[in-house]
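Participant: Prediction below, plus the sequence it came from.
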Amino acid sequence: MNAPATTTAAAAAKGTLYLVPAPLDFGCDTQAELGSALPDATLRTAAGLTHWICENAKSTRAYLKRVDALHPLAAPLQAQQITELPREVHKKGDHGAAGHAPFDARPLLAPALEGHDIGLVSEAGMPAVADPGSSVVRAAHDLGLPVVPLVGPVSLLLALAASGLNGQGFAFTGYLPQDGGERAQRIRELESLALKQGQTQLFIETPYRNAVLWQALLQTLQPNTRLAIASGLTLATARTASRLVRQWRQQPEPPDNRTPAVFLIGR
């Protein structure tokens, strides 16, 4: 039996959720050339959207202003419909802290059910990867909306590819504990996984704590563990280096405390 025409039309009218990557220069002193950091097709798609879900409305407007300089926006900046993810998502995560239910992002996607395409964007890189947004993607699938990831830079994968470490088996572990003792214990746990299983371990830190984490790694890791760091990726000042810990100790080069960095350990 054929579906009623009204049902078919309603399904066809649904909008698409686009996962829009942002340049990796958020918070840096210098900015990447947008046309070099992101493919033209991604920028054109972003320029054509008028509805957004984001981490921060201010930084999203700044990003759209940069896009507008290359491809005119479909609607003026002040007419763009920009909705921020609630603070609870930033604090507890998309999937909820222990004892809390996962965030229900379906209400944020109401415009898509009315036929509007929506862009999901974070402050740097690919949304929902080392950034909030997976709850929105999950909600889109639950609502039967098409989900289309656009091509752009992902710092974790760029760092992994440039590290010389195992790219066949790896894990991203987010942020390490801030307490010194807990951080050292976590570093040893990750090193054990890396050395015994050959699984590269990736983690990040807030830029102003880069040097503290760096010192903890040099003090805690075994001499023959390989430690890599990639910072300022896609910028003119990008730096990637990969050495044994004993070599780093002989020639320490702490990372810049103003630039986002990815740290990797393995064998």
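Facilitator: Done, it's in.
Participant: Hmm, Ala140 is touching Val147, no?
Facilitator: Yes. With contact defined as CB atoms under 8 Å, Ala140 reaches Val147; the gap is 5.1 Å. For glycine as for every other residue, the C-beta is placed from the backbone atoms N, C-alpha and C.
Participant: Could you tell me which residues touch both of these two?
Facilitator: Applying CB atoms under 8 Å, 6 or more residues apart in numbering, one finds that Ala140 and Val147 are jointly contacted by Leu17.
Participant: And the two? Which one has more around it.
Facilitator: The neighbour comparison of Ala140 against Val147 (other CB atoms under 10 Å) goes to Ala140, with 26 against 14.
Participant: Surely Leu64 and Gly48 touch.
Facilitator: No. If you go by CB under 8 Å, Leu64 and Gly48 don't touch, sitting 11.6 Å apart.
Participant: With neighbour numbers in mind, choose between those two.
Facilitator: The neighbour comparison of Leu64 against Gly48 (other CB under 10 Å) goes to Leu64, with 23 against 15.
Participant: check which helix or strand covers the more buried one.
Facilitator: helix 57-68 (DSSP states H and E).
Participant: list the helices and strands that helix packs on?
Facilitator: In this structure, helix 57-68 packs against helix 40-47, strand 81-84, with contacts taken as 3 or more CB pairs under 8 Å, 6 or more residues apart in numbering; DSSP states H and E.
Participant: Output that helix as CSV - backbone C-alpha positions only.
Facilitator: Taking Å, rounded to 0.1, in the frame of the first residue of the first chain, the C-alpha atoms of helix 57-68 are listed here in CSV:
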residue,chain,number,x,y,z
ALA,A,57,27.2,32.4,19.1
LYS,A,58,29.9,35.1,19.2
SER,A,59,32.6,32.9,17.7
THR,A,60,30.1,31.5,15.1
ARG,A,61,29.3,35.0,13.9
ALA,A,62,33.0,35.7,13.6
TYR,A,63,33.4,32.5,11.6
LEU,A,64,30.5,33.4,9.3
LYS,A,65,32.0,36.9,8.8
ARG,A,66,35.1,35.2,7.4
VAL,A,67,33.0,32.9,5.2
ASP,A,68,31.1,35.9,3.9
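Participant: what's in contact with it?
Facilitator: So helix 57-68 is contacted by 22-23, 26, 31, 34, 43, 46-47, 52, 54, 73, 77, 80, 82, 84, 121, 123 (CB under 8 Å, 6+ apart).
Participant: Quick one: low-confidence residue ranges for the chain.
Facilitator: Within the chain, the stretches with pLDDT under 70 are 1-12, 90-93, 96-100.
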